[in-house]
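Engineer: Take a look and give me a structure for this.
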Amino acid sequence: MAVIAAYTLIIIIWTTTPLAIVWSGETDWFFGIAARTALGAILILPFLAWRYPNHSTFRLDKEAIKIYMMASLPILGGMTLMYWSGQYLPSGWIAVIFAMTPVMTGLLAHSLLPNSRLTLIKAFAVLVSLIGLWIIFSPNLETHLANLQIAAILVALLSVFFHALGGVLVKRCGTNIPAIHVAIGAIWLTVLGHFMMNPTALFDWPTLQPRESYAILYAATVGSVIGFLLYFYLIKNIDAMKVALIPVITPVFAILIGHTVNNEPLSATLWLGTGIVLIGLILFQWRFKSQ
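Structural biologist: Residues are numbered from 1 along each chain as shown. Coordinates of the predicted model:
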């Protein structure tokens, strides 16, 4: 029952996070991501004391910092870029692009992990998913924002690259550092990175609409802290294939939520393209896990 509840909750969290990204960056996209990360960095610390009440030592040696830097790529590189893209893309599009993470991971693993080679079937699955993305985006670009939306799509795909790269590099290095230590190190390095990018971002608060404030709070608490803890709970307790299918499930619900709550347009090509992307992802994941 606990596993079913965790699986359901993480689907809900990953389904609603794209909308939180769009809303929390409406006034100032960089403040949105910087505030989310800083708040999440503070809120995750009590979980460390709860998880390891008798082992408070936090590793800061050279090897550990190297792992933390690699693990920060999905947040500092990936999430930051996705927030920029969220200025110009509907939340449903963000969910579909983020669903390409398993494919990007497989492509990077082919080059970086010796036992994860790309097969012909996997390559075909990648092509299918890319065709689906083209069907979604090409006819649905807004005329007055077309150039910015094309740039945002490319930046969002770069975000997926960083997200996948961080995971592959951490796995390649191998580590016995507890997952919650890795998460804390990564998120605090991200806070430092955001501070270096814009030292005044968190000290010069913009005037936010209520839903922006709520979106930042939701993304930091539910999206970052709770979502992370549930994810690693599932990794530990169920088959990896079932966890990998979560990004395949969430885009459809994210599109519906974006349409219902944020008045994002729906079209036949959007549904057709999404369906083709998901077919490619299922094919890629099934073949990838069955070998």
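
Engineer: Please report phi then psi for G25.
Structural biologist: Phi and psi for G25, reported as degrees, to the nearest 10, are phi -110, psi 20.

Engineer: pretty sure it is in contact with G32, am I right?
Structural biologist: Yes - here G25 reaches G32: they are 3.9 Å apart, a contact under CB atoms under 8 Å. The C-beta positions use only the backbone N, C-alpha and C, and glycine is treated the same way.

Engineer: what do those two both touch?
Structural biologist: Here G25 and G32 have Y83 as joint contacts, going by CB atoms under 8 Å, 6 or more residues apart in numbering.

Engineer: okay, those two: which has more neighbours?
Structural biologist: G32 (28 against 24; other CB atoms under 10 Å).

Engineer: what residues are up against the more buried one?
Structural biologist: G32 sits next to I21, S24, G25, E26, Y83, E212, A215, I216, A219 when contact means CB under 8 Å, 6+ apart.

Engineer: I282: which of those residues is nearest?
Structural biologist: I21 (24.8 Å; CB to CB).

Engineer: Now that closest one: closest residue in space that isn't a chain neighbour?
Structural biologist: Among residues not flanking I21 along the chain, G86 sits closest, at 4.5 Å (CB to CB, 6 or more residues apart in numbering).

Engineer: OK, contacts around the one you found?
Structural biologist: By CB under 8 Å, 6+ apart, G86 lies in contact with P18, I21, V22, G25, W29, I94.

Engineer: between those, which is nearest M100?
Structural biologist: I94 (11.1 Å).

Engineer: residues touching that closest one, list them.
Structural biologist: I94 neighbours (CB under 8 Å, 6+ apart): P18, I21, V22, M82, S85, G86, A156, A254.

Engineer: pLDDT of whichever strand or helix holds it, averaged?
Structural biologist: Per DSSP states H and E: I94 is located in helix 91-98. pLDDT averaged over helix 91-98 equals 90, rounded to a whole number.

Engineer: Equivalent analysis for stretch 23-36, please.
Structural biologist: Average pLDDT, stretch 23-36: 92.

Engineer: list the buried ones in that stretch?
Structural biologist: Within stretch 23-36, the residues that count as buried by 16 or more other CB atoms under 10 Å are 23-26, 28-36.

Engineer: before we move on, what about stretch 129-146?
Structural biologist: S129, G132, L133, I135, I136, F137, N140.

Engineer: who touches S91 in this structure?
Structural biologist: Neighbouring residues of S91 by CB under 8 Å, 6+ apart: P18, L19, I21, V22, A254, I257, G258, N262, E264.

Engineer: excluding its backbone neighbours, what's nearest the second one?
Structural biologist: Read that as L19. Spatial nearest neighbour of L19, chain neighbours left out: S91 (4.2 Å); criterion: CB to CB, 6+ apart.

Engineer: Please verify my assumption that L73 contacts G166.
Structural biologist: Yes - L73 lies in contact with G166 (CB under 8 Å); the separation is 3.3 Å.
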